[in-house]
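Colleague: Build me a model:
(one chain, ligands or ions: 3)
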Amino acid sequence: MTSPRAVLVGPPGSGKSTVGPLLAERLGVDFRDADADIEAAAGRSIPEIFTSDGEPAFRELEKRAVADGLGRYDGVYSLGGGAILAEETRALLAEHTVVFLSVSMPAGMQRTGMSTARPVLAGVNPRATYKQLLEARLPLYRSVATAEVDTDERRPDEVVDAVLAALGEKAPVEGSS
Ligand SMILES: Nc1ncnc2c1ncn2[C@@H]1O[C@H](COP(=O)(O)OP(=O)(O)OP(=O)(O)O)[C@@H](O)[C@H]1O
Ligand SMILES: O=C(O)C1=C[C@@H](O)[C@@H](O)[C@H](O)C1
Ligand SMILES: [Mg+2]
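Modeller: Ligands and ions are numbered 1, 2, ... in the order given. Take a look at the predicted model:
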């Protein structure tokens, strides 16, 4: 059965969409992002889906997209920040190599900034929302993770190095092959 080389999970701003393509390049495999797949299939952006259909409808689309991706992709696969909220998804992830990219509240807040691209952080107090989100999800990220990499003090390329080390993969040497 096909399985991604690595599935990336973590909160908004942990760097799944940034680190994923770099990791895929280093491993010489394809990169897929569940959020991008959902947007392509729906023909709408995630904020549009949240606004017009609501979060539960988005989570249903996400559950189906991730189940499909886990069975089909063989490269690096980044999930949306809330994909692990679904019990079915967590059960599927038990069969896969999953890397939890962790980030602290200050670093995560700084990276997500005032962007409107993340409807789960919209509202009057994004700091409190982000803190609650981290606290509620931390045990869930950890429950599915094969490896955990702290991204706070690492640049994206350093996160890739740490992920490769955690997976026991040696990075291909530049210029070889
Ligand atoms: N290790 C890092 N150091 C500094 N900045 C980073 C790091 N990783 C990501 N960033 C920056 O943080 C922002 C958010 O990163 P990214 O979109 O990859 O997060 P994400 O985990 O995919 O979030 P989401 O769950 O919302 O999709 C981007 O501007 C990115 O450039
Ligand atoms: O953390 C979350 O719940 C989300 C993160 C993004 O990746 C998107 O999947 C969406 O904005 C929801
Ligand atoms: Mg992302």
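
Colleague: make it CA atoms for all contacts and neighbour counts henceforth
Modeller: OK.

Colleague: Which SSE is immediately downstream of the lowest-mean-pLDDT helix or strand in the chain?
Modeller: Using mean pLDDT, DSSP states H and E, helix 105-112 stands out as the lowest-scoring helix or strand of the chain, at a mean of 90. Heading C-terminal from helix 105-112, the first helix or strand you meet, by DSSP states H and E, is helix 126-144.

Colleague: Does ligand 2 have contacts with that following helix?
Modeller: No. If you take CA under 6 Å from any ligand atom as the test, helix 126-144 misses ligand 2, and the best it gets is 7.9 Å.

Colleague: Next: stretch 56-72.
Modeller: No. Stretch 56-72 stays clear of ligand 2 (CA under 6 Å from any ligand atom), getting no nearer than 7.6 Å.

Colleague: so does that stretch get close to ligand 1?
Modeller: No. Shown here: stretch 56-72 not in contact with ligand 1 (CA under 6 Å from any ligand atom), separated by at least 12.6 Å.

Colleague: what's the distance between that stretch and the middle of its chain?
Modeller: Distance of stretch 56-72 from its chain centroid, counting by CA atoms, centre = their mean, to the nearest Å, is 13 Å.

Colleague: how about low-confidence regions in this structure?
Modeller: Per-residue confidence for the chain (pLDDT under 70) gives these ranges: 114-116, 170-177.

Colleague: Tell me where it has strands.
Modeller: 6-9, 31-33, 76-78, 98-102, 147-150 (DSSP state E).

Colleague: Tabulate those strands (TSV), appending distance to residue 53.
Modeller: Shown next, in TSV, are the strands of the chain (distance: least, CA to CA, whole Å):
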stretch	distance to residue 53
strand 6-9	24
strand 31-33	21
strand 76-78	23
strand 98-102	29
strand 147-150	33
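
Colleague: can the ones you listed go into TSV with extra columns for distance to ligand 1 and mean neighbour count?
Modeller: Output for those, formatted as TSV (distance: least, CA to the nearest ligand atom, whole Å; neighbours: other CA atoms under 10 Å):
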stretch	distance to ligand 1	mean neighbour count
strand 6-9	8	26
strand 31-33	8	20
strand 76-78	8	27
strand 98-102	8	24
strand 147-150	9	18
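
Colleague: Quick one: name the residues of this protein near ligand 1.
Modeller: Contact residues, the chain versus ligand 1 (CA under 6 Å from any ligand atom): 11-18, 80-81, 111-112, 118, 151, 154-156.
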